[in-house]
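1. no sequence on this one, just coordinates:
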């Protein structure tokens, strides 16, 4: 995948959108010193280039009763890089992230459950769904922070 060179205005627009996807385009235009039409054109260009993939609301899972956050490392014996693993994991609603990884494991997933019994049932679902699987589970005690890792690096690494 080719890296894209962004100018200072595009980087500034991205920073505003990452911090608050609901920020009105006209407000972004004023902050950037360009017209509202130019903001619309630039954001459309960022979407067309695949840089902006959409926007979403961030919901606090704990406020909805999902008190257990866990990370599960999954090792599949004789894994061939097929899509069935990802498709099977995607079908489990508790799984909110899936990463194919290096090292001793094939994948790592992040999931949310209402309690430890729900977690145990979800782990059993994963084990029953996947052939010859081993798992290692880590329960998160507290999410200390969450951020988009690149927001404060956009200007630093603009020329790379």
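-> Thanks, I have the structure now. Worth saying up front: this structure is predicted, and the values here are computed from it rather than measured.
2. my read is residue 146 is in a strand, agree?
-> No - Residue 146 is assigned coil when assessed by DSSP: H, G, I helix; E, B strand; the rest coil, not a strand.
3. if I pick the residue positioned nearest the centre of the chain, what's in contact with it?
-> Closest to where the C-alpha atoms of the chain average out (Cα atoms, centre = their mean) is residue 97, at 6.7 Å. Applying Cβ atoms under 8 Å, 6 or more residues apart in numbering to residue 97 gives the contacts 109, 110. C-betas here are computed from N, CA, C, even on glycine.
4. In this structure residue 143 contacts residue 62, no?
-> No - in this structure, residue 143 is not within contact of residue 62 by Cβ atoms under 8 Å, at 9.2 Å.
5. give the contact list for residue 127.
-> Contacts for residue 127 (Cβ under 8 Å, 6+ apart) come out as 133, 135.
6. Check which helix or strand it maps to.
-> Using DSSP states H and E, residue 127 sits within helix 116-129.
7. As a check, name the ranges of all helices in this structure.
-> Taking DSSP state H as the criterion, the chain carries its helices at 8-19, 25-32, 36-48, 84-90, 116-129.
8. elements contacting the third one?
-> Secondary structure elements in contact with helix 36-48, counted by 3 or more Cβ pairs under 8 Å, 6 or more residues apart in numbering; DSSP states H and E, are helix 8-19, helix 25-32.
9. and what of the first one?
-> In this structure, helix 8-19 packs against helix 25-32, helix 36-48, with contacts taken as 3+ Cβ pairs under 8 Å, 6+ apart.
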